[in-house]
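In: Give me the fold of what follows.
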Amino acid sequence: MLTMEEIFPPFGLRITGGPVEMRVLRDEDIPELVELIRGGVQSAGVPMPFLHDWHAQPLAPGSPEGFPTASLAWWWSQRAKFAPEDWHMALTVRREGLLVGMQDIHAMNFPQTRHVETGSWLGLSHQGRGTGTLMRKLVVGFAFDERRPIVRLRLHRRQPRIGRGQPEDRLRREWAQSHRAAHRRGNKGHG
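Out: I've put the predicted structure just below:
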């Protein structure tokens, strides 16, 4: 039987640095994540740091409106639309094993544009400890590490490597082909 990492290769991604580990959001993370958000992500009296007040929506589990349904729809849509030419990844951020926030990364035509967009937040009780700075450095380093370009998806696995023809191999091959095509068109990827 295939593992989830073989079915959806981003699930094999792990970005680590010091006490911080980031992994693609999985359904089993969601209850813990909802509780973290309910504990607050924005200090009172501070201008809203987000485009939408997703964190301030009323708690309405099971309802089509409110939190966490709207957030679930966003997180699941990122997975459903994942493709080499346009992808979003919602990464859980754990510090010393404890869920402390989220780091998102998005790219369109990355091999050609060498451009990513990021967004992040930390639970109120986890702010002010350097975690936000570290997680942003890690995700940008992941995206632009020339020795291990994102077109190869740095995947850490517990099981042995899978063989040719598996989903991960296909994804890597498609991204590499896209990168070579951009290079032939004159785009050297130096953005």
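In: what number of residues lie near the closest residue to Glu85 other than its chain neighbours?
Out: Using CB to CB, 6 or more residues apart in numbering and skipping residues adjacent in sequence, the residue nearest Glu85 is Asn109, 5.6 Å away. No exception for glycine: its C-beta is placed from N, CA and C like everyone else's. Around Asn109 there are 14 other residues, counting by other CB atoms under 10 Å.
In: Not counting its neighbours along the chain, what's nearest Leu91?
Out: Nearest one to Leu91, counting by CB to CB, 6+ apart, is Met22 at 4.1 Å.
In: what helix or strand is that neighbour on?
Out: Using DSSP states H and E, Met22 maps to strand 20-24.
In: tell me the mean pLDDT over that strand?
Out: What strand 20-24 shows for mean pLDDT is 95.
In: what's that strand packed up against?
Out: strand 14-17, strand 86-95, helix 131-144 (3 or more CB pairs under 8 Å, 6 or more residues apart in numbering; DSSP states H and E).
In: Can you check which of those gets nearest to Gly101?
Out: strand 86-95 (4.5 Å; CB to CB).
In: Name the residues of the helix or strand following the closest one that come out as buried.
Out: The helix or strand immediately downstream of strand 86-95 is strand 98-108, counting by DSSP H and E. Residues Leu99, Val100, Gly101, Met102, Gln103, Asp104, Ile105, His106, Ala107 are the ones in strand 98-108 that count as buried (16 or more other CB atoms under 10 Å).
In: And the helices in this structure, which stretches?
Out: 4-7, 30-38, 69-80, 110-113, 131-144, 167-184 (DSSP state H).
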